[in-house]
Each structure stands twice: as C-alpha cells, then as structure tokens.
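Asks: Sequence unavailable; structure follows:
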C-alpha cells in the first residue's frame with residue numbers, strides 16, 4: 001500500500017511539473033507578444049512624433065493667396081512645425097493659369113518661391129507676377145518662423161503688391177503656435193493680421209487652426225478665418241479642411257477645401273463685390289524626380305454667385 005501511494009505521488013509531481021512548465025511557457029509567449037505589440041505601438045507613436053518635430057513629414061497643401069483674405073503665413077507655419085536638424089533650402093518656379101466665367105478675363109501668373117530652414121528657424125519668401133481681372137501687379141511676401149522652446153513657436157509675415165486692387169497693397173500677420181499631446185503631434189495655432197487695399201478697404205484678419213500629424217505620412221488640418229472689412233464692418237467667417245498623404249523625397253498628394261463668406265473682393269479696377277458666399281477646392285500632387293529635383297501639379301476650382309474659376313499651376317523645385 002505504501003509503495004502504491006508513493007508511485008501515485010511521484011506521478012502527480014510529474015504531472016504538476018509538466019503543467020507548470022507549460023503554463024510558464026505559455027505565459028512567456030503571451031508576455032513576449034504583448035511586449036512586441038507595445039514596442040510596435042511605441043514605434044508608431046515615435047514616428048508620428050518625429051514627423052511632427054523634425055519636419056520630415058509631408059507638407060500640407062499650399063495656401064495660395066487667390067483672395068484678399070488669404071495669406072502666406074499659415075503655409076510657412078505648416079512647413080516649419082520644427083526645422084530639421086540640418087539646414088535645408090528650396091527654390092520653386094511655377095506657372096499658373098485659370099479660366100474665369102462671365103467675361104471677367106482669365107488669370108495668369110509666374111512665381112518664384114524660396115525656403116530656408118536653419119537651427120530652430122524657418123524663412124520663406126515669394127515673388128510673383130500676376131494678371132487678374134484685367135490688372136497686372138507684382139506680389140511679394142516674406143515670413144519668419146522661430147521656436148521659443150520644445151512646445152511653443154511663433155511666426156510673423158509681411159506681404160504686398162506694387163499696383164492694383166486684386167490683392168492688398170500691404171499686409172502683416174502674426175501667429176502663436178503650440179504643440180500638444182505626449183508626442184507633440186498636434187499643433188494648435190492662433191493668428192491675427194491687418195491688410196490695407198488701394199481701394200480704401202481695410203481688413204482685420206483672425207485665424208484659428210489645428211494640425212494633426214496622425215502618422216508619418218498622414219496629416220490633417222482644420223481651421224477658421226474670420227475677416228472684418230471696413231468700411232461697413234462686414235464680417236466674413238470662412239472654414240477650411242486639408243489632408244495630405246505621402247513622404248518627402250518620394251511623392252505627396254494633398255487636398256484642401258474651403259467654404260464660407262468673403263467680405264470684399266475687387267473684380268476690376270473699379271468693380272467690387274461685397275459680403276457673399278464662396279467655396280473652393282484644391283488638389284496638389286508633388287513628385288520627386290531625384291533626391292533634389294521635383295515637379296508639382298495643382299488643380300483649383302472656385303465658385304461664388306458672380307463667377308466661377310477653374311485653373312492649374314505647374315512648377316519645378318530644387319532642394320539642397
């Protein structure tokens with residue numbers, strides 16, 4: 001009887017030992033899978049954070065000044081986010097044309113745009129020759145963006161034209177921006193500006209926006225522009241959303257849509273339209289032919305109660 005009991009006890013210990021080994025093995029595999037998933041999630045978050053903080057992500061669609069209420073500063077802010085560790089420069093030469101209904105005359109334009117990033121600063125500039133609504137003018141802009149610390153950065157921009165009323169004669173913009181969330185991949189932006197026009201109009205300009213670096217390739221943006229035009233104190237809120245997908249050095253596709261009210265627009269030397277609704281959509285494709293050379297193609301469609309516009313821009317850029 002004692003011998004039988006001893007055998008039974010030994011068999012139970014073997015079974016217990018095998019079960020313990022099996023349990024530990026399964027637990028180790030589960031733990032390893034969990035750690036692997038956590039590492040993958042952390043890597044994805046780090047990449048998104050790196051995209052937002054190192055300027056290596058795809059840029060959002062350019063905010064071209066097709067209307068008096070638009071400006072170039074928001075584009076400079078988007079391109080900055082935080083400059084890359086090494087300095088970077090780029091030159092962009094483009095030609096644009098747009099077809100306008102109701103006999104308002106087609107648009108033509110040639111522009112040269114430059115960008116330089118160094119340290120924690122970004123400088124952009126543009127010089128364009130434009131013909132719109134029967135008027136010709138030269139448009140110029142310069143913007144400066146600088147980090148204050150790891151979370152805050154600010155921007156200032158100046159722009160103007162040499163003649164005509166199709167765009168403001170002088171304009172100044174300021175913005176304050178903050179990165180939030182643990183990965184700093186969400187950027188909140190507030191801005192204000194003032195514009196003078198040769199027609200006698202004066203505009204107070206306000207802006208609020210959010211840029212979300214969802215992944216290293218995918219970026220979204222939403223925002224609002226609020227314009228108060230004088231004389232008349234005409235108030236014009238407008239809203240926009242943009243998304244871009246791609247990788248710098250390969251290709252980037254961007255789409256931007258906007259709708260709302262416009263306070264004022266000159267449609268000729270002596271013709272103006274005031275307080276009206278409009279909507280616009282832009283599609284832009286940026287492709288790198290080599291590491292330093294590339295091309296960009298953009299299509300644009302705009303509509304208000306007085307006319308519609310369909311246009312394109314093609315450009316060649318070089319970076320180093």
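Replies: On my side now, so go ahead. Given the structure is predicted, the values throughout are model-derived calculations rather than measurements.
Asks: Residue 289 versus residue 77, what's the distance?
Replies: Counting by Cβ to Cβ, to the nearest Å, the gap from residue 77 to residue 289 is 28 Å. (Glycine included, C-beta is placed from N, CA and C.)
Asks: And the two? Which one has more around it.
Replies: Counted by other Cβ atoms under 10 Å, residue 77 and residue 289 do not tie: residue 77 has more neighbours, with 29 against 10.
Asks: just checking, the more buried one is part of a helix?
Replies: Yes. Under DSSP: H, G, I helix; E, B strand; the rest coil, residue 77 sits within a helix.
Asks: Now it: closest residue in space, sequence neighbours ignored.
Replies: Setting aside the residues directly before and after it, residue 77 is nearest to residue 155 in space (Cβ to Cβ, 6 or more residues apart in numbering), at 5.2 Å.
Asks: Can you name every helix or strand that whichever strand or helix holds the one you found contacts?
Replies: According to DSSP states H and E, residue 155 maps onto strand 152-161. On a contact count with 3 or more Cβ pairs under 8 Å, 6 or more residues apart in numbering; DSSP states H and E, strand 152-161 meets helix 73-80, strand 135-147, strand 170-180.
Asks: show me where the stretch 151-300 of the chain has strands.
Replies: 152-161, 170-180, 186-196, 202-213, 218-230, 234-247, 251-266, 272-288, 293-303 (DSSP state E, counting those that start in this stretch).
Asks: Show me the strands paired with the third one, marking each as parallel or antiparallel.
Replies: Sheet pairing here is set by DSSP bridges, and for strand 186-196 it gives strand 170-180 (antiparallel), strand 202-213 (antiparallel).
Asks: Mind putting the ones you listed into JSON lines with distance to residue 310, mean pLDDT and mean neighbour count?
Replies: What follows is the strands paired with strand 186-196, written out as JSON lines (distance: least, Cβ to Cβ, whole Å; pLDDT from 0 to 100; neighbours: other Cβ atoms under 10 Å):
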{"stretch": "strand 170-180", "distance to residue 310": "27", "mean pLDDT": "96", "mean neighbour count": "19"}
{"stretch": "strand 202-213", "distance to residue 310": "27", "mean pLDDT": "95", "mean neighbour count": "19"}
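Asks: could these go into CSV alongside distance to residue 117?
Replies: As requested, those are exported to CSV (distance: least, Cβ to Cβ, whole Å):
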stretch, distance to residue 117
strand 170-180, 16
strand 202-213, 17
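Asks: And these: which comes nearest residue 187?
Replies: Residue 187 sits nearest to strand 202-213 of all the strands paired with strand 186-196, at 4.2 Å, using Cβ to Cβ.
Asks: where's residue 239 relative to residue 173, distance?
Replies: Using Cβ to Cβ, residue 239 is found at 19 Å from residue 173.
Asks: nope, residue 314 is what I was after
Replies: 28 Å.
Asks: go on, residue 146?
Replies: As for residue 146, its distance to residue 173 is 15 Å (criterion: Cβ to Cβ).
Asks: What of residue 86?
Replies: With distances taken as Cβ to Cβ, residue 86 is found 28 Å from residue 173.
Asks: leaving aside the residues next to it on the chain, what's closest to residue 268?
Replies: residue 133 (4.9 Å).
Asks: where's the one you found relative to residue 222, distance?
Replies: 31 Å.
Asks: Looking at the two now, which is surrounded by more residues?
Replies: residue 133 (19 against 14).
Asks: pLDDT averaged over the strand holding residue 155, what's the number?
Replies: In this model, strand 152-161 carries a mean pLDDT of 95.
Asks: I figured residue 127 hits residue 94, correct?
Replies: No. With contacts defined as Cβ atoms under 8 Å, residue 127 does not count as touching residue 94, sitting 11.5 Å away.
Asks: any common contacting residues for these two?
Replies: By Cβ atoms under 8 Å, 6 or more residues apart in numbering, residue 127 and residue 94 have these common neighbours: 111, 113.
Asks: who's more crowded, the two?
Replies: residue 94 (21 against 14).
Asks: Name the residues linked to that one by a beta bridge.
Replies: Assigned bridge partners for residue 94, using DSSP bridges, are residue 111, residue 315.
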